[in-house]
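Trainee: Sequence and computational prediction follow.
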Amino acid sequence: MNKLKYLKELDELKLNINDYAIGGSGPLVIRGLKESNRDIDILVNNKVWNELSNKLEILEIEINKKLVKYIQYKNIAILNSVQGFEDSEIEKVIDRADIIEGYSFVSLEDTIICKKSSGREKDLKQVDKIKEYILKDN
């Protein structure tokens, strides 16, 4: 049993496993590399983004001096862009996702790219943990 919180809220969205990937701290928590999560960040393809944006409000937040659009559903932040990748690459990030316990997670390799791009100290520390995990796993 994983320690990732708010999966029931994700289930409520009834998303196809091929249309999203859990990012942020999710790929770390599911593998035991981080204790817990405060929320769930999911990356969705344009089809899902368009469907959800017709039902839910699009919000904006400034991250690293860039305005990022997202949709908030309970404890889930829904995004169709992510640091470190061009918008045209999002489908590929989702396609490369790892399926764990019936959910789609951004791959560890792509998680490293996202976290390095953020430049935040906490993310850079997590990159080292991820690299150690990958080395042990191979």
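Mentor: Perfect, I can see it now.
Trainee: drop to CA atoms for contacts and neighbour counts, all remaining ones
Mentor: Fine.
Trainee: after the lengthiest strand in the chain comes which helix or strand?
Mentor: Secondary structure of the chain per DSSP state E: the longest strand is strand 66-73. Per DSSP states H and E, the first helix or strand lying C-terminal to strand 66-73 is strand 76-79.
Trainee: partners of that following strand in the sheet?
Mentor: Its sheet considered, strand 76-79 pairs with strand 40-44 (parallel), strand 66-73 (antiparallel) by DSSP bridges.
Trainee: Now do that strand: distance to the chain's middle.
Mentor: Per CA atoms, centre = their mean, to the nearest Å, the displacement of strand 76-79 from the mean C-alpha position of its chain is 8 Å.
Trainee: What would it look like as PDB? C-alpha coordinates only.
Mentor: Output of strand 76-79 as PDB, limited to C-alpha atoms (Å, rounded to 0.1, in the frame of the first residue of the first chain):
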ATOM      1  CA  ILE A  76      -5.200  18.100  -7.300                       C
ATOM      2  CA  ALA A  77      -3.400  20.700  -9.400                       C
ATOM      3  CA  ILE A  78      -4.000  19.900 -13.100                       C
ATOM      4  CA  LEU A  79      -1.400  21.200 -15.600                       C
END
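Trainee: which stretches of the chain have low pLDDT?
Mentor: Applying pLDDT under 70 to the chain flags the ranges 1-2, 138.
Trainee: The longest helix seen in the chain packs against which elements?
Mentor: What stands out as the longest helix in the chain, according to DSSP state H, is helix 121-137. With contacts defined as 3 or more CA pairs under 8 Å, 6 or more residues apart in numbering; DSSP states H and E, helix 121-137 has these neighbours: helix 108-118.
Trainee: Return the distance of the helix it packs on from the chain's centre.
Mentor: In terms of CA atoms, centre = their mean, the centre of helix 108-118 is found 10 Å from the chain centre.
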